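Q: here is my input, please return the structure:
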Amino acid sequence: MISIYTQKEQGEEWLRRYRGYLPVFACVLGFTETGLIPGISAAGRTPEDRKYTACADAEFLYYGPEHKAQYPLPPLAAGASPVLISRAVFESLKIPVHLFNAGLPQPPAVPVIDLGGTVARCLSSGAAMEITTVHHLFKQGLLWGERLAANNQHKYVILGECVVGGTTTALAILTGLGIDATGKVNSSHPICNHAQKWALVQAGLEKMRGSRGQWPGGDEGAGGAGGAGGAGGENFTLSSSSSSCSPVDPLQLVAAVGDPMQVVVAGMAIAASRSCGVMLAGGTQMLAVYALMGAIAQTYALSWQPEEVVVGTTRWVAEDPTGATVDLALNLGKASLTQSGRIPPLLATHLSFADSRYPQLRAYEQGFVKEGMGAGGACIAAHLSQDWQQHQLLAAIEGQLERLSTAFH
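A: Residues are numbered from 1 along each chain as shown. As a prediction, the model looks like this:
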């Protein structure tokens, strides 16, 4: 039920360690105006729909299909939101869910922890967020990662995300960290829009270089916070330990071309890894977060436990013929910035919708929708804790869809 595509031994060891345990799930919601560009994402039919995707997914995850939603699930060109998968597992297994708002255009209609972030501007601007916001969000991530791990009898945490347009900001972060990711990321489209993504990323990185007057480095950075020092707080000061030899400050990079979810999840995972297992639940976006963790830990001399961290996704992402997720994971090992070439174990659930009675679910097998809201991680957790197989997963997910279609008719 679970395939391991990279770092097989470390992945098997991780699965052995956490078999039989229930995790706790944290989902970080964010937004980038990159997601409003026509054609950039299929997570919502129109740019207007996409503004509400994260709110809709959060509401469905929290309340389920019978709740009259303030933000109903947006219509998709094909398929159904991956939140159906996550909700089916978390509801059946009674896995605790924590939702975090890292920066959305409007507050979701669910109990959510507001991290005081902002919506990111389009990454092509090269000035997506203020550096002070990025520092603040990173510290919030460290703080909440520690909290999630501390009261976690659950042994491991699953960290999920919802950011429309997030595979494009992921490409920007990976490229900025010196990782060859061109043509390798995924998308919510059946055939990935690589050229569109790459053009935006090139524009954003060019502007970032230009605003510095030199590449890389520079203390003026986006937002002019006078370098990273002095922005400290709760027992942690952002003073770069290796700025002289580091080709790029990873937090400056996020400020230039990232989105608010990335630094929050990186902070959460760094802190949580010190005392429990961590599954980064997602594909391309979580590989970017993993690369960011290594770069941040190295630049700011932070301790973390890489052997506690895995990336968990769906087969549709891991085996996407129009992306190259496994290659991308392996390429993380080739960048000098991400701590002496660490490659995360990449795990994926075998879940298939080929035999589903619902065309919205069968669309996944054609490449529409692939992952989101921790869907792959949820399935891996169901298998680990309850030994769920394909038929149990499919029945639970179809049950959600059935309840949704009959709820208000």
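Q: show me the contact partners of stretch 57-66.
A: Stretch 57-66 is contacted by residues 27, 29, 67, 69-71, 73, 81, 83-84, 86-87, 90-91, 97, 99, 108-112, 162, 372-373, 400-401, 403-404, 407 when judged by C-beta atoms under 8 Å, 6 or more residues apart in numbering. Where C-beta positions appear, they are placed from N, C-alpha and C, glycine not excepted.
Q: just the buried ones from the residues you listed?
A: Buried members of these, counted by 16 or more other C-beta atoms under 10 Å: 27, 29, 69, 71, 73, 81, 83-84, 86-87, 90-91, 97, 99, 108-110, 112, 162, 372-373, 400-401, 404.
Q: so how far is the first residue of stretch 267-280 from its last?
A: Across stretch 267-280, the terminal residues are separated by 12 Å (C-alpha to C-alpha, to the nearest Å).
Q: tell me which residues in it are buried?
A: Here stretch 267-280 shows 267-273, 276-280 as buried, counting by 16+ other C-beta under 10 Å.
Q: now swap in stretch 100-109 and tell me
A: 100-104, 108-109.
Q: of these, closest to R121?
A: R121 lies nearest to G103 out of the buried residues of stretch 100-109, by C-beta to C-beta, at 10.9 Å.
Q: one step back: the contacts of stretch 57-66 in helices, which ones?
A: 83-84, 86-87, 90-91, 400-401, 403-404 (DSSP state H).
Q: now do the same contact list for the residue nearest to A56 when sequence neighbours are not counted.
A: Excluding the flanking residues, the one nearest A56 by C-beta to C-beta, 6 or more residues apart in numbering is Y71, at 4.3 Å. By C-beta under 8 Å, 6+ apart, Y71 lies in contact with 52, 55-56, 59, 108-109.
Q: phi, psi for Y71 please.
A: Reported as degrees, to the nearest 10, the phi and psi values for Y71 are phi -120, psi 90.
Q: do the same with I158
A: The phi/psi pair for I158 (degrees, to the nearest 10) is phi -110, psi 130.
Q: if it is in a bridge, with which residues?
A: F25, M279 (DSSP bridges).
Q: what's the neighbour count on it?
A: By other C-beta atoms under 10 Å, the residues close to I158 number 27.
Q: follow-up on the earlier one: any idea how far the residue nearest to A56 is from P111?
A: 15 Å (C-beta to C-beta, to the nearest Å).
Q: next: V310.
A: V310 is 28 Å from P111, by C-beta to C-beta.
Q: for P47, same thing?
A: In terms of C-beta to C-beta, P47 sits 28 Å off from P111.
Q: residue boundaries of the strands in the protein?
A: 2-4, 24-30, 97-103, 113-114, 156-162, 277-281, 309-314, 346-349 (DSSP state E).
Q: can you put those in a markdown table and add distance to G367?
A: Below are the strands of the chain laid out as a markdown table (distance: least, C-beta to C-beta, whole Å):
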| stretch | distance to G367 |
| --- | --- |
| strand 2-4 | 18 |
| strand 24-30 | 24 |
| strand 97-103 | 28 |
| strand 113-114 | 34 |
| strand 156-162 | 20 |
| strand 277-281 | 20 |
| strand 309-314 | 12 |
| strand 346-349 | 15 |
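Q: would you mind giving these as CSV with distance to K197 and mean pLDDT added?
A: Putting the strands of the chain into CSV (distance: least, C-beta to C-beta, whole Å; pLDDT from 0 to 100) gives the following:
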stretch, distance to K197, mean pLDDT
strand 2-4, 26, 97
strand 24-30, 18, 98
strand 97-103, 21, 98
strand 113-114, 30, 98
strand 156-162, 17, 97
strand 277-281, 21, 98
strand 309-314, 19, 98
strand 346-349, 21, 98
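Q: closest one to L287 among those strands?
A: The nearest among these, by C-beta to C-beta, is strand 309-314 at 6.1 Å.
Q: given that closest one, what are its sheet partners and their directions?
A: Assessed with DSSP bridges, strand 309-314 is paired to strand 277-281 (parallel), strand 346-349 (parallel).
Q: what about the longest one, distance to the chain center?
A: The gap between the average C-alpha position of strand 277-281 and the chain average comes to 10 Å, counting by C-alpha atoms, centre = their mean, to the nearest Å.
Q: now swap in the last one and tell me
A: Averaged C-alpha coordinates place strand 346-349 at 15 Å from its chain's average position (C-alpha atoms, centre = their mean).
Q: which residues does it contact?
A: With C-beta under 8 Å, 6+ apart, strand 346-349 has contacts from 1-7, 11, 15, 279, 287, 310-315, 317-319, 325-326, 329, 376, 379-380, 383, 393.
Q: what's the PyMOL syntax to select whichever of those are buried?
A: Here is the PyMOL command that selects the buried residues among the contacts of strand 346-349 (16+ other C-beta under 10 Å):
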select buried, resi 1+2+4+5+6+7+11+15+279+287+310+311+312+313+314+315+317+318+325+326+329+376+379+380+383+393
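Q: L159 and L99, how far apart?
A: Taking C-beta to C-beta, one finds L159 at 12 Å from L99.
Q: measure how buried the nearest residue to I179 once chain neighbours are set aside is and give me the count.
A: Spatial nearest neighbour of I179, chain neighbours left out: A335 (4.7 Å); criterion: C-beta to C-beta, 6+ apart. Using other C-beta under 10 Å, A335 is surrounded by 20 other residues.
Q: cool, F408 as well?
A: Counted with other C-beta under 10 Å, the neighbours of F408 add up to 10.
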